[in-house]
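Trainee: pasting the sequence and the predicted model now:
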Amino acid sequence: MTANIIDVTPSWAVAMDLLILALESGDSDGRELAKQELRNLARQLDSMQVGSCLILSDSKSIKEIREGN
């Protein structure tokens, strides 16, 4: 007998919608859980950004960098 595996992991977009719903419409426990999940996500993203930096020269503004000038 072979096992069929179905991945039901929500996408990031769905996960964010659920967290937003909990923040907007949930009770105090749901809001606190949503806040903690957002903090956990932020820590995970921070840990993935090791070594990424932007070096700005004195002559360029943020606007110039965004526009590719």
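Mentor: On my side now, so go ahead.

Trainee: how many neighbours does the nearest residue to R31 once chain neighbours are set aside have?
Mentor: Closest residue in space to R31, ignoring its immediate chain neighbours: L23 at 5.6 Å, by Cβ to Cβ, 6 or more residues apart in numbering. Quick note: C-beta positions are derived from backbone N, CA and C, even for glycine. L23 sits with 15 neighbouring residues when counted by other Cβ atoms under 10 Å.

Trainee: secondary structure element for L23?
Mentor: L23 belongs to helix 12-25 when assigned by DSSP states H and E.

Trainee: any idea how far L21 is from K63?
Mentor: For K63, the distance to L21 equals 36 Å [Cβ to Cβ, to the nearest Å].

Trainee: looking at these two, which is more packed in?
Mentor: Legend: neighbour count by other Cβ under 10 Å for K63 and L21, higher for L21 (12 against 8).

Trainee: pLDDT wise, what is the more buried one at?
Mentor: According to the prediction, L21 has pLDDT 94.

Trainee: distance of it relative to S61?
Mentor: Using Cβ to Cβ, L21 is found at 39 Å from S61.

Trainee: next: A13.
Mentor: From A13 to S61 the distance is 33 Å (Cβ to Cβ).

Trainee: quick check on N4: phi, psi?
Mentor: phi -100, psi 130 (degrees, to the nearest 10).

Trainee: that older thread, tell me how far the helix holding L23 lies from the chain's centre.
Mentor: 12 Å (Cα atoms, centre = their mean, to the nearest Å).

Trainee: I'd like the next helix or strand past it.
Mentor: Of the helices and strands lying after helix 12-25 in sequence (DSSP H and E), the nearest is helix 28-48.

Trainee: name the helices or strands packed onto that next one?
Mentor: Packing partners of helix 28-48 (3 or more Cβ pairs under 8 Å, 6 or more residues apart in numbering; DSSP states H and E): helix 12-25.

Trainee: can you tell me what sits against the helix it packs on?
Mentor: P10, G30, R31, L33, A34, K35, E37, L38 (Cβ atoms under 8 Å, 6 or more residues apart in numbering).

Trainee: need the three-state assignment for the first one.
Mentor: Think P10. Three-state assignment for P10 (DSSP: H, G, I helix; E, B strand; the rest coil): coil.
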